[in-house]
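Novice: pasted the sequence and its predicted model underneath.
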Amino acid sequence: MGKIYERIDERLRAFIEEQHIFFTATAPLAADGHVNVSPKGLAGSFAVLDDVTVGYLDLGGSGAETIAHLRENGRVTLMWCAFDGPPRIVRIHGTGVPVFRDDPRWQELLPHFDVSMQSRTDLRAVITVRAERISDTCGFAVPFMDHKGDRQLHTQRFARETDESFSRYCEKKEHVGVSLDGLPALPLPLPRRIR
């Protein structure tokens, strides 16, 4: 039986931080707009910021639907499910905000994440999510799966980029500056990092 939580307590935090993957879901306001679901999970790219706020690092390589939706309406759901141990699913429904490289909050947020993630060239934004509803459900139908480790392909691919070449990469990539539905996504050229 599911439960509603007022905050991210220590047990919830431990569960969330033990999971190797989570999913984000967003949608535009338009009834015919594209709903987006994205997997996230490179080690060190997620953090619980306080008892009602979490954050994750938005890395390059794909489009920017989540950012476009958050800029338009802020609605987001994050979901974690246990693929080992006791069955459980946790969801945070909330308001998400993309914090870009030139935002004064950038430097305040980065220390919450693994140091190896903070200087990545492909780091486009920090997404913060303030929870409006935190809940869990049983997860009885979630299969058991073994975690073998993070894939290194993404990290290896973008390790070759400089800030300048990564910005050019983003400018050439479809659906980075503008979403599938024509909404503003990432600011291009990418803002310079506040140092």
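Specialist: Nice, thanks for sending it over.

Novice: name the nearest residue to the spatially most central residue of the chain, sequence neighbours excluded.
Specialist: With distances taken as Cα atoms, centre = their mean, the residue of the chain nearest its centroid is Y56 (4.4 Å). Nearest residue to Y56 in three dimensions, chain neighbours excluded: F46, at 4.7 Å (Cβ to Cβ, 6 or more residues apart in numbering). The C-beta positions use only the backbone N, C-alpha and C, and glycine is treated the same way.

Novice: tell me the contacts of that neighbour?
Specialist: I16, E17, F22, K40, V54, G55, Y56, L57, F113 (Cβ atoms under 8 Å, 6 or more residues apart in numbering).

Novice: tell me the buried residues within those residues.
Specialist: When these are checked for burial by 16 or more other Cβ atoms under 10 Å, the buried set is I16, F22, K40, V54, G55, Y56, L57, F113.

Novice: secondary structure element for the first one?
Specialist: Here I16 sits within helix 10-18, counting by DSSP states H and E.

Novice: per-residue confidence at the residue nearest to the centre of the chain?
Specialist: Y56 carries a pLDDT value of 98.

Novice: could you do the one 3 residues further on as well?
Specialist: Here the pLDDT value assigned to L59 is 95.

Novice: gap between the residue nearest to Y56 and I4?
Specialist: According to Cβ to Cβ, to the nearest Å, F46 and I4 sit 22 Å apart.

Novice: next one: I16
Specialist: 16 Å.

Novice: next: R151.
Specialist: According to Cβ to Cβ, R151 and I4 sit 35 Å apart.

Novice: and if you look at A141?
Specialist: Using Cβ to Cβ, A141 is found at 21 Å from I4.

Novice: can you check L70 too?
Specialist: To I4, L70 is 24 Å away according to Cβ to Cβ.
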